[in-house]
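**Student:** The sequence and its predicted three-dimensional model are supplied below.
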Amino acid sequence: MDLNSKIYVAGSRGLVGSAIVRKLKKLGYKNILEKTSEELDLRNQSSVENFFDTERPEYVFLAAAKVGGILANNILPAEFIYNNLMIEANVIHSAHKYKASKLLFLGSSCIYPKYATQPLKEEYLLTGELESTNEPYAIAKIAGIKLCQAYRRQYGDNFISVMPTNLYGINDNFNLDNSHVLPALMRKFHEAKLSGTPSVSVWGSGKPRREFLYVEDLADACCFLMQHYNDGEIVNIGTGVDITIAELAAMIAEITGFTGEIIYDTTKPDGTPIKRLDVSKINRLGWYARTSLKAGVEKTYQWFSKEGLMLCRRI
Ligand SMILES: NC(=O)C1=CN([C@@H]2O[C@H](COP(=O)(O)OP(=O)(O)OC[C@H]3O[C@@H](n4cnc5c(N)ncnc54)[C@H](OP(=O)(O)O)[C@@H]3O)[C@@H](O)[C@H]2O)C=CC1
Ligand SMILES: C[C@H]1O[C@H](OP(=O)(O)OP(=O)(O)OC[C@H]2O[C@@H](n3cnc4c(=O)[nH]c(N)nc43)[C@H](O)[C@@H]2O)[C@@H](O)[C@@H](O)C1=O
């Protein structure tokens with residue numbers, strides 16, 4: 001990519017896409033294409049083809065997807081598999097047809113088997129059964145990886161796939177019906193503190209372990225890999241450090257200033273018992289996460305408690 005390359009960031013209003021745009025602008029890239037889902041529905045093949053035909057982007061970050069937390073995945077399986085398969089197939093095929101130089105596809109750590117050995121190495125893909133709460137989404141993400149690999153093998157397209165761990169940061173989804181755990185707990189503790197509510201409900205047992213990466217670090221990794229990685233094999237992006245949901249809840253309660261009781265709602269699913277990425281491959285390539293979980297949560301809370309509550313579309 002040079003500073004005048006035409007770069008399309010699909011999903012640029014979302015958590016990941018908006019962080020990639022911020023990072024690209026900071027690095028000096030000047031020609032960035034952005035479209036909301038209202039302007040361009042990526043599930044629609046002819047709209048996507050017309051867009052690529054007209055704009056001819058040279059580089060594509062595919063960060064548009066139907067995304068949600070454990071409950072949304074569990075109750076909307078058809079939307080999660082259909083929307084993601086359509087978006088991936090349309091964007092990847094158009095990037096091929098209209099000769100994009102390179103495409104980066106965002107997968108997810110949920111593509112790995114539910115009971116895989118930890119930490120999760122890239123080669124564990126398709127070696128076991130998936131977690132049931134998000135299997136349709138994971139299958140769509142695996143299809144995205146395979147699309148990139150197939151277009152590389154048959155046509156020589158430089159399409160790469162990255163597998164981030166659980167993410168958080170500015171522009172996250174704070175809607176309690178479909179958000180991930182970290183923004184959900186931030187909002188619950190913040191509102192309970194303001195209203196003086198004595199207790200907050202945390203879903204599941206509090207025992208599952210998750211790894212969290214600050215989205216600014218993820219955007220940095222995506223730009224790094226777009227510049228330096230040209231192989232079809234997937235690459236994990238994370239910190240390599242995990243904590244329990246109970247530990248995360250305690251940390252967020254402290255940062256938000258909530259001093260009440262934390263109650264575990266075991267009628268809600270735990271999901272995968274443990275998900276921690278092996279990040280030795282990306283580390284060997286020369287990239288490391290920089291932001292500690294505490295620092296990232298503090299920065300996110302600073303944003304959420306001031307601008308976020310007013311600016312955030314997904315509350
Ligand atoms: N958040 C996380 O913890 C993780 C995310 N990822 C991956 O990162 C990528 C981005 O996720 P994230 O930023 O969190 O998700 P968000 O929900 O924050 O953003 C997704 C974006 O996709 C766009 N989008 C959704 N449907 C369509 C559509 N039909 N047509 C056009 N655009 C559409 C939305 O556009 P608009 O706003 O205009 O409606 C939205 O901006 C996804 O591929 C996800 O799988 C991977 C691991 C963890
Ligand atoms: C990124 C990843 O995200 C999803 O998987 P997940 O890691 O299970 O996501 P989650 O953040 O929603 O939950 C993590 C843990 O936290 C617990 N938990 C507690 N309290 C709340 C709570 O209030 N909200 C939520 N959502 N979870 C809560 C919850 O019960 C679970 O044990 C995938 O579907 C898939 O989309 C994917 O790829």
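**Tutor:** In hand now; what should we look at? This one's a predicted model, so the numbers in the text were calculated from it and none came from an experiment. Ligands and ions are numbered 1, 2, ... in the order given.
**Student:** can you pull the contacts of residue 171?
**Tutor:** By CB atoms under 8 Å, 6 or more residues apart in numbering, the contact list for residue 171 reads 13-15, 18-19, 215, 312. Glycine gets a C-beta too; all of them are placed from N, C-alpha and C.
**Student:** Let me know the helix or strand that it is in.
**Tutor:** Using DSSP states H and E, residue 171 maps to neither a helix nor a strand.
**Student:** which residue sits closest to residue 257, ignoring its sequence neighbours?
**Tutor:** Counting by CB to CB, 6 or more residues apart in numbering, residue 193 is the residue found nearest to residue 257 once chain neighbours are left out, at 5.3 Å.
**Student:** and the one you found, helix, strand or coil?
**Tutor:** Following DSSP: H, G, I helix; E, B strand; the rest coil, we place residue 193 in the helix state.
**Student:** Wait, it touches residue 256, no?
**Tutor:** Yes. Under the criterion of CB atoms under 8 Å, residue 193 makes contact with residue 256 at 5.9 Å.
**Student:** Tell me which of the two has more neighbours.
**Tutor:** residue 256 (23 against 17; other CB atoms under 10 Å).
**Student:** can you pull the contacts of the residue lying closest to that one once chain neighbours are set aside?
**Tutor:** The shortest distance from residue 256 to any non-neighbouring residue, by CB to CB, 6+ apart, is to residue 189 (4.2 Å). Listed by CB under 8 Å, 6+ apart, the contact partners of residue 189 are 200, 252-253, 256, 258.
**Student:** Return only those of the contacts of residue 171 found close to ligand 1.
**Tutor:** 13-15 (CB under 6 Å from any ligand atom).
**Student:** Among those, which one lies nearest to residue 181?
**Tutor:** residue 15 (13.7 Å; CB to CB).
**Student:** what about residue 160, how many residues close to it?
**Tutor:** For residue 160, the neighbour count with other CB under 10 Å is 23.
**Student:** ok, the host helix or strand of it near ligand 1 or not?
**Tutor:** Assigned by DSSP H and E, residue 160 falls within strand 159-164. Yes. Using CB under 6 Å from any ligand atom, strand 159-164 reaches ligand 1 at residue 164.
**Student:** show me what contacts residue 173?
**Tutor:** Residue 173 neighbours (CB under 8 Å, 6+ apart): 15, 67-68, 179-180, 183, 314.
**Student:** Run through the residues that contact residue 263.
**Tutor:** With contact taken as CB under 8 Å, 6+ apart, residue 263 is in contact with 199-202.
**Student:** one step back: so which of the contacts of residue 171 belong to strands?
**Tutor:** Nothing among the contacts of residue 171 maps onto strands, per DSSP state E.
**Student:** nearest residue to whichever residue of the stretch 1-150 of the chain sits closest to ligand 2 other than its sequence neighbours?
**Tutor:** Nearest residue of the stretch 1-150 of the chain to ligand 2: residue 69, at 2.8 Å (CB to the nearest ligand atom). If the residues on either side of it in the chain are set aside, residue 69 comes closest to residue 180, at 4.4 Å by CB to CB, 6+ apart.
**Student:** before we move on, what about residue 279?
**Tutor:** Nearest residue to residue 279 in three dimensions, chain neighbours excluded: residue 240, at 4.4 Å (CB to CB, 6+ apart).
**Student:** these two touch, right, that neighbour and residue 282?
**Tutor:** No. At 9.6 Å, residue 240 does not count as touching residue 282 under the criterion of CB under 8 Å.
**Student:** ok, the two, which is more surrounded?
**Tutor:** Neighbours were counted for residue 240 and for residue 282 using other CB under 10 Å; residue 282 has more, 24 against 18.
**Student:** Packing partners of whichever helix or strand the more buried one is part of?
**Tutor:** Using DSSP H and E, residue 282 maps to helix 280-285. Contact analysis of helix 280-285 by 3 or more CB pairs under 8 Å, 6 or more residues apart in numbering; DSSP states H and E lists helix 215-228, strand 235-237 as its packing neighbours.
**Student:** Out of the contacts of residue 173, who's the most crowded?
**Tutor:** Of all those, the highest neighbour tally under other CB under 10 Å goes to residue 183, namely 25 neighbours.
**Student:** looking at this, that residue is in a strand?
**Tutor:** No. If the criterion is three-state DSSP, then residue 183 is helix and not within a strand.
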